[in-house]
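K.L.:
compute the structure for the input listed below.
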Amino acid sequence: MTKKQKKQAEDFIGLLERAHDGIKKTIDTRNTEAALDLLAQCQECAIKLGEIIEAVEGEDFVTIPMIEDYCELAYQFYEKLSQNIPVNSNQVSKALRKSLIRMGNSVKYDIPERKEVVFLPYKASMWDSLESVWKAADEDPDCDAYVIPIPYFDKNPDGSFKEMHYEGDQYPAYVPVTHYDDYDITVREPDMIFIHNPYDEYNYVTSVAPKFYSKNLKQYTEKLVYIPYFVLGEIDPENAEARKGIAHFCVEPGVLNADVVVVQSEDMRKAYIEILSEAVGEETRPQWEKKILGLGSPKMDKVLETTEDDFEIPGEWMRVLAKPDGSRKKVILYNTSVTALLQHEDKMLVKMRSVFETFKESVDDVALLWRPHPLIKATIESMRPELWADYEKLVEEYRAEGWGIYDDSAELDRAIALSDAYYGDHSSLVQLCQQAGMPVMIQDVEIV
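P.N.:
Numbering: from 1, shown residues only. Down below sits the predicted model:
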C-alpha cells in the first residue's frame, strides 16, 4: 500500500473513533434518529476502508475479517435501536472501541507501506525512454513497479479519433506488462507515475486515451514525472534563436502538468527553464528551476548498454547481412523522418528512390537497414492522405525486392547495435548514433 493510501486508511480509523463519541452522546440524550444515522455512517465508512484494502492487498488480507466483525457489531446495535430495544451507551461505546482498536492496529502494523511506481508508455518503440528508470525501480526491494502500456488512437484530419492501438504484446520478454484494465490508477493512487507522451489532446496525429492525459493523471499521484521520448540536438541555452527552434517541445501539457521533468543534459535543462519562463511568465522561473532536472536520457543509457548479442536477428535479415564468404557486410542505418516527408512530399519520395538505387548497386558490400519513423503512417494518412498511396507503394517495392532490411519493429536499439553508420534525416536518432560512436551523414533532398 502506498504512503498516501495508508494515511487514508488511518484517517478512516480516526473518523470512526470520533463518530463513536457522537454515538454515545446521542444514545445518552435519547436522540435515537441521530444515533442510527451515525451507526449507518460508521458501517459505510468501514466498508469503504475494506474496499481500499481489498483493492491493494487482496480480499483475504488479515484486516478484512476485523472490518467485517466491526460492521456486524454496528449493525446489531443499529437493529436494537431501530426496534426500540434499550441499550447501554457505555457498552455500545466500549464494544465499538474494542473492535476499532483491533482494526486500527492491523491497519498500522499489518499493512506494509511500499513505494508504488507506474510507467505508462504508449508506443513500444519508445519504451527505451523509460526502461533504465524502470529497471532501477524494479530492482528496489521496497518498491513495486508496474509497466502499463496504454492505448492510443490515430486521428482523422478533423481531430476525431479513429483506429485504436495497443502494443502491450510488443515489449521485451523481461518486462512484465500489466494490462491497463487490470490496474485502476484512481484507486491505487501510485506514489509516482512516469510518462513519455507530453501532448495530451494537442497532437494532430495521435492521442493516448484521454483518461491518461497528464492533466488527469496528476490528480492520482503525488509525483507525475515526464521524460521525453526523444533526444534533441544540444543547443546553447543562451542562444535565443536556438531556443526558438525547440520551444514547441518544451511548452506542452506534460511539461506544464508534471511535478518533475527529466531532460537529457544540464544545457537542455537551462534551455527549458528559459523557454518556459518566457512563455508562462518570468515570475514562474523558480518553479521550472525546481522541477526541470538535467539527469540525462534513458535512451542514451539503453544505447550504451545494448549489443548485437542482446537480440535474436531474423533469418531474412541474416541473408541480407551476410556476404557469400560468410563475413558481415557494413550496415548503414537509413532513417526517414515525418518532418522531411511532410515538408518535401513527392520530392522526398524521389530522394528515397535515389537512395535505394544507390545502395542496391553496392549490395555486395553494404547492407541498408531502413527504419522509418514509427508515426509516418499515422501522420501521412492524417495530414497528407494524397501522398500516402505513393509512399506505401515505395515501401512495398523495397520490401518485395528483398535486397535491404525494412525495420518497423519496436526494437530501435537492435537497429543501432547492428549498424556501422547513420544516413538519413535530422532526428533524435542522430544523437543516439553519435553516442554509440557511429559516423553520421545527413541526407540532402536536393541531391539525387
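K.L.:
in which helix or strand does Glu116 reside?
P.N.:
Using DSSP states H and E, Glu116 sits within strand 115-120.
K.L.:
how far off centre is that strand?
P.N.:
Averaging C-alpha positions (C-alpha atoms, centre = their mean, to the nearest Å) puts strand 115-120 9 Å from its chain's average.
K.L.:
which residues does the residue nearest to the spatial centre of the chain bridge with?
P.N.:
The chain has Leu120 as the residue nearest its centroid, 2.2 Å off, counting by C-alpha atoms, centre = their mean. As for beta bridges, Leu120 partners with Ile195 under DSSP bridges.
K.L.:
okay, the strand holding Glu116 in PDB with CA atoms only?
P.N.:
Output in PDB follows, covering the C-alpha atoms of strand 115-120 (Å, rounded to 0.1, in the frame of the first residue of the first chain):
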ATOM      1  CA  LYS A 115       6.500   2.700  -2.800                       C
ATOM      2  CA  GLU A 116       4.400   2.100  -5.900                       C
ATOM      3  CA  VAL A 117       5.600   3.300  -9.200                       C
ATOM      4  CA  VAL A 118       3.800   3.200 -12.500                       C
ATOM      5  CA  PHE A 119       5.200   3.500 -16.000                       C
ATOM      6  CA  LEU A 120       2.700   4.400 -18.800                       C
END
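K.L.:
which other helices and strands contact it?
P.N.:
When contacts are defined as 3 or more C-beta pairs under 8 Å, 6 or more residues apart in numbering; DSSP states H and E, strand 115-120 packs onto helix 131-139, strand 143-147, helix 185-188, strand 192-195. To be clear about C-beta, it is placed using only N, CA and C from the backbone, and glycine gets the same treatment.
K.L.:
just the ones you listed: most buried one?
P.N.:
Most buried of the helices and strands packed on strand 115-120, by mean neighbour count (mean count of other C-beta atoms under 10 Å): strand 192-195, with a mean of 25.
K.L.:
between the helices and strands packed on strand 115-120, which one is closest to Ala417.
P.N.:
Between Ala417 and these, the shortest gap by C-beta to C-beta is with helix 131-139, which sits at 14.6 Å.
K.L.:
what's in contact with the closest one?
P.N.:
Helix 131-139 is contacted from outside by Val117, Phe119, Cys143, Ala145, Val147, Val175, Phe194, Ile227, Pro298, Asp301, Lys302, using C-beta atoms under 8 Å, 6 or more residues apart in numbering.
K.L.:
next, the angle from it to strand 143-147.
P.N.:
140 degrees (axes from the mean of the first three to the mean of the last three C-alpha atoms, to 10 degrees).
K.L.:
rewinding a little: need the helices and strands packed on strand 115-120 in CSV with distance to Gly168 and mean pLDDT, can you?
P.N.:
Below are the helices and strands packed on strand 115-120 laid out as CSV (distance: least, C-beta to C-beta, whole Å; pLDDT from 0 to 100):
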stretch, distance to Gly168, mean pLDDT
helix 131-139, 15, 96
strand 143-147, 9, 96
helix 185-188, 16, 90
strand 192-195, 16, 98
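K.L.:
let's have the ones you listed in TSV, adding distance to Ala46.
P.N.:
Below are those laid out as TSV (distance: least, C-beta to C-beta, whole Å):
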stretch	distance to Ala46
helix 131-139	34
strand 143-147	26
helix 185-188	17
strand 192-195	30
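K.L.:
and of the ones you listed, who's closest to Glu397?
P.N.:
Checking the helices and strands packed on strand 115-120 against Glu397 by C-beta to C-beta gives helix 131-139 as the closest, at 34.6 Å.
K.L.:
can you dump the C-alpha atoms of that closest one in PDB for me?
P.N.:
Taking Å, rounded to 0.1, in the frame of the first residue of the first chain, the C-alpha atoms of helix 131-139 are listed here in PDB:
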ATOM      1  CA  GLU A 131      13.500   1.500 -19.400                       C
ATOM      2  CA  SER A 132      16.500   2.300 -17.300                       C
ATOM      3  CA  VAL A 133      14.400   4.100 -14.800                       C
ATOM      4  CA  TRP A 134      12.000   1.100 -14.600                       C
ATOM      5  CA  LYS A 135      14.900  -1.200 -14.100                       C
ATOM      6  CA  ALA A 136      16.200   0.800 -11.100                       C
ATOM      7  CA  ALA A 137      12.700   0.800  -9.600                       C
ATOM      8  CA  ASP A 138      12.100  -2.900 -10.300                       C
ATOM      9  CA  GLU A 139      15.400  -3.700  -8.500                       C
END
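K.L.:
about what we covered before: buried ones in the strand holding Glu116, by neighbour count?
P.N.:
Counting neighbours by 16 or more other C-beta atoms under 10 Å, one finds that the buried residues in strand 115-120 are Glu116, Val117, Val118, Phe119, Leu120.
K.L.:
now do stretch 296-316
P.N.:
Buried residues in stretch 296-316, counted by 16+ other C-beta under 10 Å: Gly296, Ser297, Pro298, Lys299, Met300, Asp301, Lys302, Val303, Thr306.
K.L.:
cool, and stretch 41-52?
P.N.:
Quick answer for stretch 41-52 (16+ other C-beta under 10 Å): Gln41, Cys42, Gln43, Cys45, Ala46, Leu49, Gly50, Ile52.
K.L.:
check stretch 378-391 too.
P.N.:
Ala378, Thr379, Ile380, Glu381, Ser382, Met383, Leu387, Trp388, Tyr391.
K.L.:
which of these has the weakest pLDDT?
P.N.:
Ranked by pLDDT, the buried residues of stretch 378-391 bottom out at Ser382 (82).
K.L.:
wait, that residue sits on Phe153?
P.N.:
No: the pair Ser382 / Phe153 is not scored as a contact, 11.0 Å apart, by C-beta atoms under 8 Å.
K.L.:
picking that back up, between the helices and strands packed on strand 115-120, which one is nearest to Met318?
P.N.:
When the helices and strands packed on strand 115-120 are compared by C-beta to C-beta, helix 131-139 sits nearest Met318, at 26.1 Å.
K.L.:
how about the contacts of helix 131-139, which pair is most distant?
P.N.:
Maximum pairwise distance in those, criterion C-beta to C-beta, is 20.5 Å, between Cys143 and Lys302.
K.L.:
picking that back up, for Glu241, find the nearest of the helices and strands packed on strand 115-120.
P.N.:
For Glu241, the closest of the helices and strands packed on strand 115-120 is strand 192-195, at 29.8 Å, according to C-beta to C-beta.
K.L.:
got the contact list for the closest one?
P.N.:
115-120, 130, 133-134, 185, 212, 214, 217, 220-227, 254, 258.
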